[in-house]
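[1] Only the shape, not the letters, is given here:
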């Protein structure tokens, strides 16, 4: 209306643009300078309009980046598919699934793209590792590192973890060849063949493969895509069957990036004590937090029952093959298992990474990466929102992927070969369970640079999965 | 006698010097030029004397290095202690032994010495790895390597192994985190908890630890310090008990460096076929050969039953943590186990090592190392020959250690803490068996540079173990 204040006119114009999808969720609005020029308004008026929309939760201000169309839980429909509780069973991963898992480990729609620039953090890291190599002297190369790993790296990790509310002594840490290796050591130390392990469902397929190879049985616990494992369901499971260990990922579990609130964390620990359970905490995604990095479950571990497993693969580089484990009451056994199954880790590499953390380069890398991941997540969700059909999408505050629930009848496993024929790799929902559930779901990653070829791949996917009527 | 020819006078003088231990076994004689000057003789006369002593097997000519007092099997008394055959049993490694094993992995009397110069081969290797790091680009760092490992490195390994009479396709090779990791994968792929595994006795303690942690039973097969596992004894074992796998090290097995001749190799393979056995070949010492590198047992494997395990730890660097496995009929299962237990190996590292092999640097490094190892072996044996008491010493043609049999009554396990108090680490005989045998034996390494502090450590050892009367 003509009688409106100028700021109200701008507000209406912006709202209409969002409704008409001129800007999608996660898109950046024109800058304040541009809006001033375009509408002949003062900077104060434009700022006033933007701040009002921000107060309504429709826009989001990001320092030095501008205003973005906000992503709200209420504007994204959350996935609702839930697992059923079923009796424990041995795991059998089919060769087809194994093949898909191998491709999906790259978290990429186009695994051969290798696009973008090597981030400056990785360049710095590589220099630091090369420096450690140059520092080798005498017959250093003739010695194996101690089984627990380089004390300098453990010291840096301990400082890094302290910022997340967990005070850990370096003797409680052991360096591994990545998080998968840590999970393997944790299962070897706590379970025997035939034992039952409780897992998140949907949850990480690498765990299912591990259970299969170790001859362990699985019981799947229904897991919310936003708040993680359903502890009431776990309690039900523990009443009915003898469970040896429970693998959870309280910070941004794959596939949907769920974050477990404090209450269920505490209940989980009580249950562990009550039922003599080992809790294996997969903490690998914590440092991908888009906001505050959540405390590890381990920080609350008064019963000495939480084995924390993590690595640098998601926060830094998948090619380092460097992780860590803190084994609670099983720690000595875990170090022994590491020793007999592979002796030690490379000392030069650990020293290079320790230096990279010590000089602040890791923290700087994480800050830059957080910014990039947030933008990539928002772009991906904005793209998905424009797909035809009734999609439900998780809204993770960390992790590297969203969980997408497609309309009933869509079968992502069936669509897999067709997408692959067109050069696109998807991660079908059934990978994240042993029960064949989640056929209309998939995991989509925002780990890689937003590239026009990846946008094209998303368009192909959209056409393959939800063709227009 | 005055009537002797001049060359005969020199010959007698040299012989007397050897008898009087002016030069010990393995020592270099004065150069031809020096002998000429010293004795006022012509070069031809000196050469004639030396060649005659060489023909008698008392001296050894080494190109560009001179003449050395020869090491003959007949002048070194071979160790004769033998294992008994006992029923299979579970393995229990005591904490004390575990502690000693950790220290002994460094193969060093003085583990904190880190003396000498970094060999030029290692400097070149480190540069090659640093170059591979610098070549990373795009989002390479976001990808895991394929489970079997970098194809370029497998190609180079395949060429390297071809020189030893074994034609292997790169699809038959899988990269691991060292030889211990390869042995672990081989046992996981072939055995289940409680199964019986035959091992060399004396043999590698790392294998005993592995069997313990995997809940496997061990049966020890008497093993000669010069020709390896006694295949007749193995046959006896196989008749009496069901054995699932047999771990052998045909090329320079630890502790004594035995080399298995061709005949027993062929009988071993027949027995494997007859008794449905997996043969796990620990090939880690092959490239330390002082002379010709022996063919792997795997090259004769017509039944597809030999799993070859090896790494760069003894031939190049223990800090690389890079090995390989060729899994015969179990290869697919082994790759799957590697995938689920640690996903992959670092690609940059594999590429760096592949380049190091491809440009000939590895071969050059092995040539230099061979020369050094030979000299270190000879010096060590010469030192031991001067100890009081009746010592028996193995005379390895490869590997990094000799096996020493001390007089009856000497107890190396008891002497361990006393030696440790004086700063010297020994590797007592009982480590190489589960039966408590070999108490008067020990392994001594010639892996590290011959240094006056190591000589001093040997003198301390001599005083602790075989005190003068």
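    Cool, got the structure. Values in this document were obtained by computation on a predicted structure and should not be read as measured data. Numbering: from 1, shown residues only, chains lettered A, B, ... in the order given.
[2] CA atoms for contacts and neighbours, from now on please.
    OK.
[3] Now do the buried residues in stretch A:105-116.
    The neighbour-count criterion (16 or more other CA atoms under 10 Å in any protein chain shown) identifies A:105, A:106, A:107, A:108, A:109, A:110, A:111, A:114, A:115 as the buried residues of stretch A:105-116.
[4] And it, how far out from the chain middle?
    Mean C-alpha position of stretch A:105-116 versus that of the full chain (CA atoms, centre = their mean, to the nearest Å) differs by 16 Å.
[5] do stretch A:112-126 as well
    In terms of CA atoms, centre = their mean, the centre of stretch A:112-126 is found 19 Å from the chain centre.
[6] ditto for stretch A:346-353
    Its chain's C-alpha centre lies 25 Å from the corresponding centre of stretch A:346-353 when counted by CA atoms, centre = their mean.
[7] Check stretch A:14-33 too.
    Centroid separation for stretch A:14-33 versus its chain: 28 Å, with CA atoms, centre = their mean.
[8] so who does residue A:289 touch?
    A:252, A:370, A:397, A:398, A:399 (CA atoms under 8 Å, 6 or more residues apart in numbering or on different chains).
[9] Out of these, name the ones that lie in strands.
    When these are checked against strands using DSSP state E, the ones located there are residue A:252.
[10] Of the contacts of residue A:289, which is the nearest to chain B?
    Of all the contacts of residue A:289, chain B sits closest to residue A:399, with 13.9 Å by CA to the nearest CA.
[11] Let me know how buried the closest one is, in neighbour terms.
    Burial measure for residue A:399: 29 neighbouring residues, criterion other CA atoms under 10 Å in any protein chain shown.
[12] I figured it hits residue A:253, correct?
    Yes. The pair residue A:399 and residue A:253 qualifies as a contact (CA atoms under 8 Å) at a distance of 7.1 Å.
[13] any common contacting residues for the two?
    By the contact definition CA under 8 Å, 6+ apart, residue A:399 and residue A:253 are jointly contacted by residue A:285.
[14] what's the residue closest to the geometric middle of chain A?
    Among the residues of chain A, the one closest to the centroid is residue A:399, at 2.3 Å (CA atoms, centre = their mean).
[15] what residues are up against that residue?
    Residues touching residue A:399, when contacts are defined by CA under 8 Å, 6+ apart, comprise A:252, A:253, A:254, A:257, A:285, A:286, A:288, A:289.
[16] just residue A:434 next, same as before
    Listed by CA under 8 Å, 6+ apart, the contact partners of residue A:434 are A:91, A:92, A:93, A:208.
[17] Spatially nearest residue to residue A:309, not counting backbone neighbours?
    Nearest in space to residue A:309, with sequence neighbours left out and distances taken as CA to CA, 6 or more residues apart in numbering or on different chains, is residue A:325 at 4.6 Å.
[18] wait, the one you found sits on residue A:307?
    Yes. Judged on CA under 8 Å, residue A:325 makes contact with residue A:307 at a distance of 6.9 Å.
[19] which one of the two has more residues nearby?
    Neighbours around residue A:325 and residue A:307, counted as other CA under 10 Å, are more numerous at residue A:325. The numbers are 30 against 26.
[20] Show me what that one is bridged to.
    residue A:174, residue A:309 (DSSP bridges).
[21] Now do stretch A:24-39: distance to the chain's middle.
    31 Å.
[22] again with stretch A:149-157
    On the basis of CA atoms, centre = their mean, stretch A:149-157 sits 24 Å off its chain's mean C-alpha point.
[23] Please enumerate residues in contact with that stretch?
    Counting by CA under 8 Å, 6+ apart, A:170, A:173-176, A:344-345, A:347, A:350-351, A:353-354, A:357-358 sit against stretch A:149-157.
[24] let's go with 10 Å and repeat that
    Residues from elsewhere that reach stretch A:149-157 (CA atoms under 10 Å, 6 or more residues apart in numbering or on different chains): A:145, A:148, A:158-162, A:168-176, A:324, A:335, A:344-358.
[25] Take those residues and keep only those in strands.
    A:174, A:175, A:176, A:324.
[26] Identify the residues contacting the second one.
    Spelled out, it's residue A:175. By CA under 10 Å, 6+ apart, the residues touching residue A:175 are A:146-151, A:153-154, A:157, A:181-182, A:309-311, A:322-326, A:335, A:338, A:344-345, A:350.
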